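In: Predicted coordinates and the sequence they were generated for:
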Amino acid sequence: MSSKGVCMWYGVECKPRDDRANNDDEEEKAMHYDEDDEVVSIDLRGNHVYGTLPAEFKGLHKLEFLDLGDNKMHGTFPYQIARMYDLKHLLLDGNALTGTLPAFLGQMEDAKEVRFGRNQLVGTIPTELGRLWRLQHLSLENNRLTGKIPNLEDCDRLHTLWLDNNMLTGPIPTTLGGMEELKVVHLHSNRLTGSLPKELGQLTFLETIVADQNQLAGEFPGADVVSSWRHLKRLSLQHNKLRGTIPPSLGMLSLLEVVELNNNELSGPLPHEPELFKIKKLHLQNNKFEGELPSSNAFAIMANLEELWIDDNSFGGALPDGVGDCAKLTSIYLERNDFAGTVRIFVLLVIFASPCLVRAFFPSQGKRSFSSPRQYNSSNRTTHVLSASPFPPLPVASVRPVTTDPVDAREAHGPEGVPGVREQLHGEVPRVGLRPSSPPRPADGPDRLPRRLHLPVLLLRRQAVAAGSRATFFFK
């Protein structure tokens, strides 16, 4: 084994006897095994440990921390683990453990953290886990667990709950509302049904709720529920069957960074004057929203907005000029809506080492379509890139859309398609994926353009360069 005592082994910590608790003498610490020096911690995460969990662990009566995560452990749980009464942290995630979750886990009443995610566990979640009243973190994600989510109401100290990527069925239990310290809830990629229980409004410390890709239905939570989520940062309920309207209180959650409500059956208008100061991703596509978008002032507040995806709805009116103040915007999807009037898009790029692709996708077919090429070429409706841009004026009607891979197209076309860029950027030439040519060829009939028009497609490399472009587009 080793000439050193077990307390000197890598990843092992012991609780020294009282007479050596404050002794810094390394020679004395390097003693052979001393039964009075109890092992309290084993941390071997990510060390290519393989094999099964040894039954001899039952002799570690004082063990408080066991982390064998991200290794190559296999087999089932030995029942001897239940005899480790002082165990507070049991981390076995990221292995190849099989079998079911044993009911004897409920005997570990001192447990604060249990992580069994990313294994090959099957069966149901034992109801005995509800006895772990000191539990703060429960992680069972990425297994093959089935059945319903058990009643965990007595785990009222729980902070994080990860049950995603399993095969769980049934409704979200209303008892989750009684776990008032809950901050993070991940339930996505299961087969959950029913509606979002109104009891979730009791989770006043909630920061993240992710329940997308389930079969949830019913009404979207009302104002009384949403208004209590004052600390919410991420709301992800996409790919369900939720219906109803978005309460104005959602727009008052100033800490929100990610809103993913796409692919539902939500309807009605959006909150008119939201105060989403920190919002980065706003995904609302494939719903039944209608009405005009929030005001320019509302978008001006969204200084961190990176993704605005609102395609496949029934939004109307013109895009507010405030969208142009979203300096970090990297992608905007507006397809298949009822927009009309003039739209001004401003894109600010600050690229350091890696490429950055900026795309604007606009409507192109159906009743919510781009204007025809003839309308683009009319004298009173010619669309230009404004001279405020560092790029020269260029008629949008004379830009050929990039139909191949945007990055490959940029490499193929080079910067020569836009004269004058080299001088304006002092020798550092952006590669632009659009070039002057004849008006775009209709893809399906004389009044249709290709389904997706890339405006602009811009790539800057190898230098921190700030570049902007303003464009005005007309919608039918």
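Out: Received it, and whenever you're ready, just let me know what you need. Computed from a prediction, not measured in an experiment: that's the story for all the values here. Numbering: from 1, shown residues only.
In: going forward, measure contacts and count neighbours with C-alpha atoms only.
Out: Noted.
In: residue ranges with poor pLDDT in the stretch 1-150 of the chain?
Out: The model of the stretch 1-150 of the chain has pLDDT under 70 over residues 1-4, 17-36.
In: where along it do the helices fall?
Out: Using DSSP state H, counting those that start in this stretch, the helices of the stretch 1-150 of the chain run over 26-29.
In: any idea where the strands of it begin and end?
Out: According to DSSP state E, counting those that start in this stretch, the stretch 1-150 of the chain carries its strands in the segments 12-15, 38-43, 50-51, 65-67, 72-75, 89-91, 96-97, 113-115, 122-124, 137-139, 144-147.
In: Tabulate the ones you listed (a markdown table), appending mean neighbour count and distance to residue 328.
Out: Rendered in a markdown table, the data for the strands of the stretch 1-150 of the chain read as follows (neighbours: other CA atoms under 10 Å; distance: least, CA to CA, whole Å):
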| stretch | mean neighbour count | distance to residue 328 |
| --- | --- | --- |
| strand 12-15 | 17 | 47 |
| strand 38-43 | 19 | 41 |
| strand 50-51 | 12 | 46 |
| strand 65-67 | 20 | 40 |
| strand 72-75 | 18 | 42 |
| strand 89-91 | 20 | 39 |
| strand 96-97 | 22 | 42 |
| strand 113-115 | 20 | 37 |
| strand 122-124 | 17 | 44 |
| strand 137-139 | 20 | 34 |
| strand 144-147 | 20 | 40 |
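In: To residue 257, which of those lies closest?
Out: Evaluated over those, closeness to residue 257 peaks at strand 137-139, with 23.1 Å, by CA to CA.
In: contact partners of that closest one?
Out: Defining contact as CA atoms under 8 Å, 6 or more residues apart in numbering, one finds that strand 137-139 is touched by 112-117, 158-163.
In: Make TSV from the strands of the stretch 1-150 of the chain and add distance to residue 291 to it.
Out: Supplementary listing: the strands of the stretch 1-150 of the chain in TSV, determined by distance: least, CA to CA, whole Å:
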stretch	distance to residue 291
strand 12-15	62
strand 38-43	56
strand 50-51	59
strand 65-67	53
strand 72-75	54
strand 89-91	50
strand 96-97	51
strand 113-115	46
strand 122-124	45
strand 137-139	41
strand 144-147	41
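In: residues contacting residue 170?
Out: By CA under 8 Å, 6+ apart, residue 170 lies in contact with 147-149, 191-194.
In: Name the member of those residues with the most neighbours.
Out: Highest neighbour count within those, by other CA atoms under 10 Å: residue 192, with 25 neighbours.
In: which residues sit in contact with residue 94?
Out: Counting by CA under 8 Å, 6+ apart, residue 94 makes contact with 69-71, 116-119.
In: what does stretch 117-127 rub up against?
Out: Counting by CA under 8 Å, 6+ apart, 92-103, 139-152 sit against stretch 117-127.
In: ok, and for stretch 77-87, which residues are buried?
Out: Within stretch 77-87, the residues that qualify as buried by neighbour count (16 or more other CA atoms under 10 Å) are 77, 81-87.
In: and the residues you listed, which two are the farthest apart?
Out: Of all pairs drawn from the buried residues of stretch 77-87, the widest gap by CA to CA lies between 77 and 86 and measures 17.5 Å.
In: State the mean pLDDT of stretch 302-319.
Out: The average pLDDT within stretch 302-319 is 93.
In: got the contact list for it?
Out: With CA under 8 Å, 6+ apart as the contact definition, stretch 302-319 has outside contacts at 275-293, 325-344.
In: which of the contacts of residue 170 lies closest to residue 181?
Out: Closest approach to residue 181 among those (CA to CA): residue 149, at 18.4 Å.
In: Pretty sure that closest one sits against residue 167.
Out: No. At 10.6 Å, residue 149 and residue 167 do not qualify as touching, with contact defined as CA atoms under 8 Å.
In: how about the contacts of strand 137-139 in TSV, adding distance to residue 253?
Out: Below are those laid out as TSV (distance: CA to CA, whole Å):
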residue	distance to residue 253
112	30
113	30
114	31
115	31
116	33
117	31
158	23
159	20
160	21
161	22
162	23
163	25
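In: Among these, which one sits closest to residue 198?
Out: When the contacts of strand 137-139 are ranked by distance to residue 198 (CA to CA), residue 161 comes first, at 18.4 Å.
In: Look at the closest one and tell me its secondary structure.
Out: Under the three-state scheme (DSSP: H, G, I helix; E, B strand; the rest coil), residue 161 adopts strand.
In: Can you give me the neighbour number for it?
Out: Neighbouring residues of residue 161 were enumerated by other CA under 10 Å; the total is 19.
In: hang on, the earlier thing: now the buried members of the contacts of stretch 302-319.
Out: Neighbour counting by 16+ other CA under 10 Å classes 275-293, 325-340, 342-344 among the contacts of stretch 302-319 as buried.
In: Could you list the low-pLDDT ranges of the stretch 201-350 of the chain?
Out: Answering for the stretch 201-350 of the chain: the residues below the bar, that is pLDDT under 70, span 341-350.
In: Do you have the strands of it handy? List them.
Out: So, for the stretch 201-350 of the chain - with DSSP E, counting those that start in this stretch - the strands run 208-210, 234-236, 243-244, 258-260, 265-268, 281-283, 288-291, 307-309, 314-317, 331-333, 338-339, 341-351.
In: Turn the ones you listed into JSON lines, including distance to residue 56.
Out: What follows is those, written out as JSON lines (distance: least, CA to CA, whole Å):
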{"stretch": "strand 208-210", "distance to residue 56": "39"}
{"stretch": "strand 234-236", "distance to residue 56": "43"}
{"stretch": "strand 243-244", "distance to residue 56": "54"}
{"stretch": "strand 258-260", "distance to residue 56": "46"}
{"stretch": "strand 265-268", "distance to residue 56": "55"}
{"stretch": "strand 281-283", "distance to residue 56": "50"}
{"stretch": "strand 288-291", "distance to residue 56": "60"}
{"stretch": "strand 307-309", "distance to residue 56": "53"}
{"stretch": "strand 314-317", "distance to residue 56": "64"}
{"stretch": "strand 331-333", "distance to residue 56": "56"}
{"stretch": "strand 338-339", "distance to residue 56": "68"}
{"stretch": "strand 341-351", "distance to residue 56": "55"}
